[in-house]
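>>> build the 3D model from these lines:
(one chain, ligands or ions: 1)
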Amino acid sequence: MTVRDWISFWDSDHPIYVNARHFDVHYREIASDIIRLIASPGAKLLDHGCGEALHADRIAAKCGGLFLCEAAPAVRARVAERFRSEDKIRVLSPEDVEKLPDACLDLVVANSLAQYLKQDQLKALLQTWKRVLKPKGSIVIADVIGHEQSAAADAFALLRFAARNGFLIAAFFGLVRTVFSDYRKIRAQLGFTQYSEDEMLSLLHAAGFIGMRMPRNFGHNQNRMAFLAEKS
Ligand SMILES: C[S@@+](CC[C@H](N)C(=O)[O-])C[C@H]1O[C@@H](n2cnc3c(N)ncnc32)[C@H](O)[C@@H]1O
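Predicted coordinates:
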């Protein structure tokens with residue numbers, strides 16, 4: 001597999017989900033994590049870097065409106081098709097997000113996005129999110145990878161998640177496949193952007209937010225971090 005950047009990786013037929021069960025429970029858990037943050041039934045949300053957003057309809061049922069932003073064109077087209085009859089969901093490109101009016105959102109969530117962006121790209125997004133957030137709105141940046149992260153810790157977290165959700169054997173073989181797949185090469189070539197807790201809090205502060213680390217990360221990998229921030 002030849003990929004120029006992470007967006008073309010996510011747009012390709014990649015090996016990240018080991019089977020349909022993994023795909024389903026991953027997105028179910030992320031949807032539950034987002035639902036827990038919805039402060040009122042009228043709240044307007046943006047899930048930036050939503051991926052396949054398989055259970056976004058569950059989120060939409062609990063809020064006033066849900067924007068799903070995805071940069072990878074094929075993923076975005078699938079998400080738009082999946083939710084074409086959901087009145088409360090609108091699927092956007094990153095360029096569409098730039099055209100949203102000021103102060104229209106209560107919550108912006110970006111799960112497992114920061115590591116795929118250069119720090120300057122995240123800084124630019126923080127300014128966009130600040131503009132589109134209402135004065136009391138919040139952002140959540142989750143699944144942030146610290147400097148001390150290891151592939152082994154990620155693998156164990158996946159195996160524990162798989163054991164809890166009935167796909168342990170598939171996860172084991174999926175991990176073996178990953179070791180021998182191009183994913184490792186791509187990961188080495190493209191790299192992740194990693195942040196310590198202090199670095200992320202400083203970045204948020206410099207962008208005009210007051211942030212805190214949340215007690216739990218989104219999803220299954222508690223070796224990674226989640227941050228909640230409000231406009232200062
Ligand atoms: C690791 S996936 C996470 C998907 C989903 N949020 C989840 O929790 O499973 C990262 C997603 O972010 C998308 N992405 C990367 N850069 C982006 C950007 N600048 N704007 C919007 N989406 C982006 C990728 O195409 C990919 O689908």
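
>>> got a list of contacts for stretch 139-147?
Outside of stretch 139-147, the residues within contact range by Cβ atoms under 8 Å, 6 or more residues apart in numbering are 33, 37, 107-115, 126, 129, 133, 192-197, 200, 209, 214, 217-219, 221, 223-230. Every residue, glycine included, has its C-beta placed from N, CA and C.

>>> what of stretch 187-196?
Identification of contacts with stretch 187-196 by Cβ under 8 Å, 6+ apart yields 3, 5-6, 9, 114-119, 122, 144-147, 149, 203, 225.

>>> tell me the buried residues within these.
3, 6, 9, 114-117, 122, 144-145, 149, 203, 225 (16 or more other Cβ atoms under 10 Å).

>>> grab the nearest non-local neighbour of residue 55.
Among residues not flanking residue 55 along the chain, residue 31 sits closest, at 3.8 Å (Cβ to Cβ, 6 or more residues apart in numbering).

>>> pLDDT of the helix or strand hosting the one you found, averaged?
Using DSSP states H and E, residue 31 maps to helix 20-35. On average, the pLDDT along helix 20-35 is 97.

>>> okay, buried residues for it please.
Buried positions in helix 20-35, judged by neighbour count with 16+ other Cβ under 10 Å: 22, 25, 26, 27, 29, 30, 31, 33, 34.

>>> how many neighbours does residue 58 have?
14 (other Cβ atoms under 10 Å).

>>> so it touches residue 31, yeah?
Yes. Taking contacts as Cβ atoms under 8 Å, residue 58 lies within contact range of residue 31: 4.8 Å.

>>> and stretch 42-50, how far out from the chain middle?
The chain centre lies 11 Å from the centre of stretch 42-50; the measure is Cα atoms, centre = their mean, to the nearest Å.
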